[in-house]
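In: I would like the atomic coordinates for the input below:
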Amino acid sequence: QHVGYQVPLLEAAVWALSADMPRGCAERPSFEHCREPWAAVEAWRYAAANALAAAVHGAPIVQPSAAKVAKAVAIFFARPSDKTLRRAARRSQKLLESLLSKPGLASLPRQRLQARMPGSGTGLPFPVSAIILPKVQCEATLQLKGGPPMPLLGLALPSSRRPSISHIEDALRKGLRHLEVSVAVAPAVKRAMKDAGVARKSLFLSVPWELPLESEETFVAMLDALGTRYVDLVLLPRGPDVGPTWRLLERLKLRGQIRALGTRGFPPEELDALPGGGASVEVAQLPYSPYRQGPSRTTWQSLGRRSIALVASGLLTDWPRALRPRQDPHVLAIAGRVERSATQVLLRWALQVGLAVVFRTSRPEHIAENLAVFDFELSDLDVQLISSLATLAEPEKPPGDGFAHVYEPQLERGPRLEQEEL
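Out: Numbering: from 1, shown residues only. Model (predicted):
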C-alpha cells in the first residue's frame, strides 16, 4: 500500500541551519569559539539529509549544495579538526544561502512522499495494532513483567532544588499518578500527597538512586521522608562498580520495600554485567527522541526480547543536542493535521510505539497539555514519518534495524569520504 503525504523537507533544512547553535558555529567555526561543535555538525547533517531527500522526492533545487555539506560533515566526523569544521561550516552556510535565495520560505515546495506501508503497519519492531491506549489517562499503564502497573506518563521532579509543594499538588489534582522523585524532594512529595488527598496505593513513585547506596538505613530514611513503606521503582544509574548497590537493591525488593528495579542510562548490552545477568531488570530509562531512538537503533528490540519496559527521557528536547523536536517542521506539520500541539504529537508518538515517558516542567499549563494525549491518535503513517526522522538525523546508519525508512536521503557512504582530499 502506497500513501502520499506532503512533507516539509526543505523547510526542515532551513530550520536546522538557522537554529541558534548551528548558526553561531557556522559564523565562528572553531573548537575555541563554537560551544558545541559536534551538535552543530549534527544539525548541518540533518539539514543536508532533508535537502537530499527533497531531491529524491521531486525537488532537486539545492541537491548539489546539500551533497557537498553531507561530504564535509562525513569528513569532519572521520577527522575532527578546526579545518574540517570550517569546511563543513562554509558549505552549510552556502546551502542556507541557496535555500533562502528562493522566493521565500513560505513558497518552498513541500514534497509529496509516496510511503510504502509495511505489513506491520509502521515498520517498527512490533505491530502497532498490539498497543492499545485507553481514552482515560488514569487507566494508561504498562504492566511490568514482575512488578506493578506503571502509569505511562510521569513527571520528573528536579533533583538539585526543592520543588514547590503546590506544583506537585497541582499535578496530582490534574490526574498525574507517576512521580519521579529524588531523596532531596521526598518531604515535598509527602506533603503534596496529603494536601491533594491522593492515596499512596494510587500513586506510582519512582526513585532514580544516586550512587552509591551504602546502607539499608539510608534507603529506609528516604522511605520515612516520603511517608511510605515502599517505592514502586528504583532506577540504578550507569556508573562504575554498581554490583554491590544492585545486590542491596535486590535484597530491599525481596523485603517489599521496592516493587520493581530498573536502570538509567545503561545500553542494553551492558545489562548482562549486572549481578544475575540483569535478569531482575524490569525497566530501562534511556534518552529517546525521534532523532535518536536509544543508544543504538537496536535498543528497543534488545530490551523487548528481555521484556524490559523502555521509559523515554529527553523526548521533547533531545538534550544536549542542538535541534528541538517540538520545533521541527515535520512534527509541526503533523500537529497541524491532527490539530494538536507539537508536544502532544511527540508524546502520543512515543505512547503508540510502546514507550512510557517522563517529562520535566514547572508550569501547570504544560502538565495539563502533556496529559491531554489520550483522546486522539496518530495514523500509522504519521507514526512512520516521525520514527523515520532518525534516518535524517543519522543517515549514514543503514536500514535493516527494524525502523521505518521513508525519506531516502541519497547520501554517499563508505571509506571514500574519509579519504577525500581536504
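In: Strands of this protein, start to end?
Out: Counting by DSSP state E, residue ranges of the strands within the chain are 2-7, 111-116, 141-143, 149-151, 153-156, 178-180, 204-208, 233-237, 261-264, 281-287, 309-313, 356-359.
In: The ones you listed: lowest mean pLDDT?
Out: When these are ranked by mean pLDDT, strand 111-116 comes last with a mean of 58.
In: Identify the nearest residue to residue 9 in space, disregarding sequence-adjacent positions?
Out: The spatially closest residue to residue 9, leaving aside those adjacent along the chain, is residue 54, at 3.9 Å (Cβ to Cβ, 6 or more residues apart in numbering). Using the backbone N, CA and C atoms, a C-beta is placed for each residue, glycine as well.
In: confidence score at the one you found?
Out: In this prediction, residue 54 carries a pLDDT score of 87.
In: Test my guess that it contacts residue 13.
Out: Yes - between residue 54 and residue 13 there is a contact under Cβ atoms under 8 Å: 7.3 Å.
In: quick one: residue 80 from residue 32, how far?
Out: 14 Å (Cβ to Cβ, to the nearest Å).
In: Okay, and the beta partners of the nearest residue to residue 205 once chain neighbours are set aside?
Out: With sequence-adjacent residues excluded and distances taken as Cβ to Cβ, 6+ apart, residue 205 is closest to residue 231, at 4.7 Å. Following DSSP bridges, residue 231 is listed with bridge partners residue 258.
In: ok, residue 231 - contacts?
Out: Counting by Cβ atoms under 8 Å, 6 or more residues apart in numbering, residue 231 makes contact with 205, 206, 207, 223, 257, 258, 259.
In: Tell me who's in contact with the second one.
Out: So the one you mean is residue 206. With contact taken as Cβ under 8 Å, 6+ apart, residue 206 is in contact with 154, 178, 179, 180, 181, 231, 232, 233, 234, 235, 358.
In: do that again at 7 Å, thanks
Out: Residues in contact with residue 206, defined by Cβ atoms under 7 Å, 6 or more residues apart in numbering, are 154, 178, 180, 232, 233, 235.
In: Most neighbours among the residues you listed, which one is it?
Out: Neighbours here are counted as other Cβ atoms under 10 Å. On that basis the top member of these is residue 233, with 26 neighbours.
In: Kindly reformat the strands of the chain as TSV containing distance to residue 323.
Out: Putting the strands of the chain into TSV (distance: least, Cβ to Cβ, whole Å) gives the following:
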stretch	distance to residue 323
strand 2-7	17
strand 111-116	20
strand 141-143	28
strand 149-151	29
strand 153-156	21
strand 178-180	25
strand 204-208	26
strand 233-237	26
strand 261-264	24
strand 281-287	14
strand 309-313	17
strand 356-359	18
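In: and residue 36, what are its phi and psi?
Out: Backbone torsions for residue 36, taken as degrees, to the nearest 10, come to phi -130, psi 80.
In: residues near it, how many?
Out: Counted with other Cβ under 10 Å, the neighbours of residue 36 add up to 16.
In: Let me see the contact set for it.
Out: With contact set as Cβ under 7 Å, 6+ apart, residue 36 has these partners: 21, 322.
In: how near is it to residue 21?
Out: Per Cβ to Cβ, residue 36 is found 6 Å from residue 21.
In: Find the residues that touch each one of those two.
Out: Taking Cβ under 7 Å, 6+ apart as the contact rule, the neighbours common to residue 36 and residue 21 are residue 322.
In: Contact partners for the nearest residue to residue 66 once chain neighbours are set aside?
Out: Here the nearest residue to residue 66 in space, its sequence neighbours aside, is residue 51; by Cβ to Cβ, 6+ apart that works out to 3.5 Å. Under the criterion of Cβ under 7 Å, 6+ apart, the neighbours of residue 51 are 10, 13, 62, 66, 95.
In: which of the residues you listed lies closest to residue 299?
Out: If you rank these by distance to residue 299 using Cβ to Cβ, residue 13 comes first, at 27.3 Å.
In: any weak-confidence spans in the protein?
Out: When the per-residue scores of the chain are filtered using pLDDT under 70, the ranges that remain are 1-4, 102-132, 137-138, 160, 211, 397-406, 408-422.
In: Recalculate using a threshold of 80.
Out: Judged by pLDDT under 80, the chain has its weakly predicted residues at 1-5, 57-60, 102-139, 159-163, 210-214, 295-298, 300-301, 319-320, 395-422.
In: Can you report how many residues neighbour residue 244?
Out: The number of residues near residue 244, taken as other Cβ under 10 Å, comes to 13.
In: ok, the residue lying closest to it once chain neighbours are set aside to residue 37 distance?
Out: Leaving out its chain neighbours, the residue that sits closest to residue 244 by Cβ to Cβ, 6+ apart is residue 212, at 7.5 Å. Taking Cβ to Cβ as the measure, residue 212 falls 34 Å from residue 37.
In: Settle it for me: which of those two has more neighbours?
Out: When residue 212 is set against residue 37 and neighbours are counted by other Cβ under 10 Å, the residue ahead is residue 37, at 21 against 14.
In: who are the neighbours in contact with that one?
Out: With contacts defined as Cβ under 7 Å, 6+ apart, the neighbours of residue 37 are 25, 31, 85.
In: One more: residue 283?
Out: Applying Cβ under 7 Å, 6+ apart, one finds that residue 283 lies in contact with 144, 233, 235, 260, 262, 308, 309, 311.
In: nearest to residue 351, of those residues?
Out: Nearest to residue 351 among the contacts of residue 283, counting by Cβ to Cβ, is residue 311 at 11.7 Å.
In: unless I'm mixing things up, that closest one is touching residue 287, no?
Out: No - counting by Cβ atoms under 7 Å, residue 287 is not a contact partner of residue 311; they are 10.6 Å apart.
In: More neighbours: which of the two?
Out: Between residue 311 and residue 287, residue 311 has the larger neighbour count (other Cβ under 10 Å), namely 27 against 19.
In: picking up where we left off before, drop anything exposed from the contacts of residue 37.
Out: Neighbour counting over the contacts of residue 37 (16 or more other Cβ atoms under 10 Å) leaves 25, 85 as the buried ones.
In: Show me which of the contacts of residue 37 is closest to residue 374.
Out: The closest of those, once distances to residue 374 are taken by Cβ to Cβ, is residue 25, at 39.9 Å.
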